[in-house]
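S.K.: quick check, what structure comes out for this input:
(3 chains)
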Amino acid sequence: MHILLERVGRGDVRATWLDLSREGVPERMETLALGGLPALVEAEEAGAPGSADRPRWVWDDTRAWYPALLSAGARVERCVDLRLCHVILRGSTLTAATPLARADPGPWDAVVEPEAEAPAVHTALFDLDEPADAAVASPASVRDEFVAQEQAIASSADPRRLRLLLAAESAGALIGVELQYAGLPYSAERHDALLTGLLGPRPAYGRPAVLEGLVRELREQLEAPDLNPDSPPDLLKALQRAGILATSTRSWELRRIEHPVIDPLLRYKKLSRLLTANGWTWLDAWVHDGRFRPDYVPGGVVTGRWATRGGGALQLPRQVRGAVVADPGWKLVVADAAQLEPRVLTGLSGDEAMAAAGRGKDLYEGIVASGAVDARAQAKVAMLGAMYGATTGESGRLMPRLTRAFPRAVRLVEDAARAGERGEKVTSRLGRSSPLPGGRWGEVQSAASAADATEADERRARSLGRDWGRFTRNFVVQASAAEWALCWMAELRNRLTALAPGAAFTASPHLVYFLHDEVIVHTPEELADEVAAAVRASAEQAGRLLFGAFPVEFPVTAAIVDSYAEAK
DNA sequence: GAAAAGGGCGCG
DNA sequence: AAAGCGCGCCCTTTTC
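M.R.: Next up, the predicted model:
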């Protein structure tokens, strides 16, 4: 049963019960005040979890509906996020022939401006004074859009995969809101202690003492009393005056130079980065009441990966992970999918040899054992090179050996690269397609094939083509890996709910962090082992959902710890 | 004086 | 060894 929700009039919501087997004819409709919605949701969600008569809530945008429901204690098991699904169906090669994909851009294609959207965590319970244009959809369009999407899926080239993708994407939208609601358990005290230990006490203004001392040292050693080490041109000039032949001020380049100024300079860079990215200002802005609550954006990346808005949650440095600490009596289960992308490539290509290499062990060790390369580091660099399109260096040199050992896997990424070079779309396992090259790509390519094309035109076109080929090469793997991760997390979410039936969301095991191929669950100590088992079982299930019976394994590590820093 | 671009670095 | 993919965010410099 689908229940469509849309805003009507001022402060009302219309719920429409729709049974798809009845041609989109509504079973019943009900208009209620917004304040009454949590009660409706709770009543409809009260059935046995997972049973067929469970509702699937259909709305324009999960971020606009779910935070207030969650705050009111109304948890939702399943939804359809029409905005996210629309993006997928408009772009997918599997639905290219459908009316939904062929129509001119409409309101559902509008980019949602971050500032037009209420910050999810601060949304009051259905603010009645919300401006009228806040709703994305006009009153009639939720049902029209839902019906159009259903039609597009049904007439697509692979409805099963698309349905799975859209369900996973929508589950991701729910999880994104729940992650923010729960927050990552975070000790501001530990973070502050770490900063103070490395930088000195928090200054009222200006640089902390340790950084100030380093700047003084740099200025003396380089005999540049006005040096601003934060200015790359300034710094480069000072280095060159001191006889250091660097072409940039990047740390990895400086690291190879032997000179007494390099050590303090590298220390300055590291500490300065810590201060500006995750210093006290960051702490004040993002950590409150023992929780770090970043603003996740499911589907925020072209490949279907998530993005974040503010807080930099997906770049939380290893350096500060000791501040992520479980509550007393609780544990963190930190889970990481081992070598996810190469394993996804294995499944995509049906490469039996690579599946065997990854069976029961570290995939890179397995590649060494297969005789393709001599050392684990080589296996890793070769695989990354294949998936990213490396042509030079060690990675490029290893490609022929990798190709000989795993022809199917390598052919899959090569084919994706060639398609991109021709300006075609490529499509992930479940049906997310890459965008077409934009900007001046078309012009450049036609200029290069024109009769009067110069050599420079051709070079430029080839270079742009290769660039786009590397993007599509990586797209098929990264997008499919993102799908695996969504399925993993959605499955895990259901299993966690089942571990503590009837318990309030944040009083039972729940997801608190997601990082592409890694999740953290916050759980009462006594359930930690069961959570770890659920994490592994969910990974197996995700593998089956994407690749059926093909024997590619998806091992996950699951560490039961008090602090994130203790994992791996 | 604001916006865009560039350099750099954190994460996967 | 620092290339080859996807990001977000900070600071400085350049451009409008």
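S.K.: the closest residue to DNA strand C within chain A in helix, strand or coil?
M.R.: Nearest to DNA strand C in chain A, going by CB to the nearest atom of the strand, is residue A:390, at a distance of 2.9 Å. Backbone N, C-alpha and C define where each C-beta goes, glycine included. Assigned state for residue A:390: coil (three-state reduction, DSSP: H, G, I helix; E, B strand; the rest coil).
S.K.: strands of the stretch 251-400 of chain A, residue ranges please.
M.R.: Assignment of strands within the stretch 251-400 of chain A using DSSP state E, counting those that start in this stretch yields the ranges A:287-288, A:291-292, A:296-297, A:307-308, A:330-337.
S.K.: still on that earlier bit, I'd say the residue of chain A closest to DNA strand C and residue A:398 touch.
M.R.: No. Using CB atoms under 8 Å as the test, residue A:390 is too far from residue A:398 to be in contact (9.1 Å).
S.K.: interface residues of the stretch 201-350 of chain A facing DNA strand C?
M.R.: A:228, A:230-231, A:233-234, A:252, A:276-277, A:282, A:297, A:300-303, A:305, A:307-312, A:314-315 (CB under 7 Å from any atom of the strand).
S.K.: so which of those reach DNA strand B?
M.R.: A:252, A:277, A:314-315.
S.K.: give me the buried subset of those residues.
M.R.: With burial judged by 16 or more other CB atoms under 10 Å, the buried subset of these is residue A:314.
S.K.: now, the most widely separated pair of the ones next to DNA strand B among the residues of the stretch 201-350 of chain A next to DNA strand C?
M.R.: A:252 and A:314 (21.7 Å; CB to CB).
S.K.: what's the first-to-last distance across stretch A:63-82?
M.R.: Criterion CA to CA, to the nearest Å; first-to-last residue distance in stretch A:63-82 is 12 Å.
S.K.: list the buried ones in that stretch?
M.R.: Neighbour-count burial for stretch A:63-82, counted by 16+ other CB under 10 Å, picks out A:63-70, A:72, A:74-82.
S.K.: give me the distance between it and the centre of its chain.
M.R.: The chain centre lies 20 Å from the centre of stretch A:63-82; the measure is CA atoms, centre = their mean, to the nearest Å.
S.K.: quick one: is that stretch near DNA strand C?
M.R.: No. Interface with DNA strand C: stretch A:63-82 contributes nothing (CB under 7 Å from any atom of the strand), its closest point being 15.0 Å away.
S.K.: per-residue confidence averaged over that stretch?
M.R.: Model confidence over stretch A:63-82 averages 96 on the pLDDT scale.
S.K.: go on, stretch A:161-175?
M.R.: When pLDDT is averaged along stretch A:161-175, the result is 98.
S.K.: for stretch A:416-424, same thing?
M.R.: The model assigns stretch A:416-424 a mean pLDDT of 96.
S.K.: stretch A:1-11 now?
M.R.: For stretch A:1-11, mean pLDDT rounds to 91.
S.K.: so how far is residue A:341 from the residue nearest the centre of chain A?
M.R.: Most central residue of chain A, judged by C-alpha distance to the mean C-alpha position with CA atoms, centre = their mean, is residue A:306 at 2.6 Å. For residue A:306, the distance to residue A:341 (CB to CB, to the nearest Å) stands at 16 Å.
S.K.: quick revisit: just want to know which of residue A:390 and residue A:398 has more residues nearby.
M.R.: Set side by side, residue A:390 and residue A:398 give different neighbour counts by other CB atoms under 10 Å, the larger being at residue A:398 (21 against 18).
S.K.: the residue nearest to the more buried one when sequence neighbours are not counted: how many residues sit nearby?
M.R.: Spatially, and ignoring its direct neighbours in sequence, residue A:398 is nearest to residue A:382 (3.9 Å; CB to CB, 6 or more residues apart in numbering). When neighbours are counted by other CB under 10 Å, residue A:382 registers 28.
S.K.: so what's residue A:382 up against?
M.R.: Taking CB atoms under 8 Å, 6 or more residues apart in numbering as the contact definition, residue A:382 lies against A:367, A:372-373, A:395, A:398-399, A:401-402.
S.K.: of these, closest to residue A:263?
M.R.: So of the contacts of residue A:382, ranked by how close each gets to residue A:263 (CB to CB), first place is residue A:395, at 30.0 Å.
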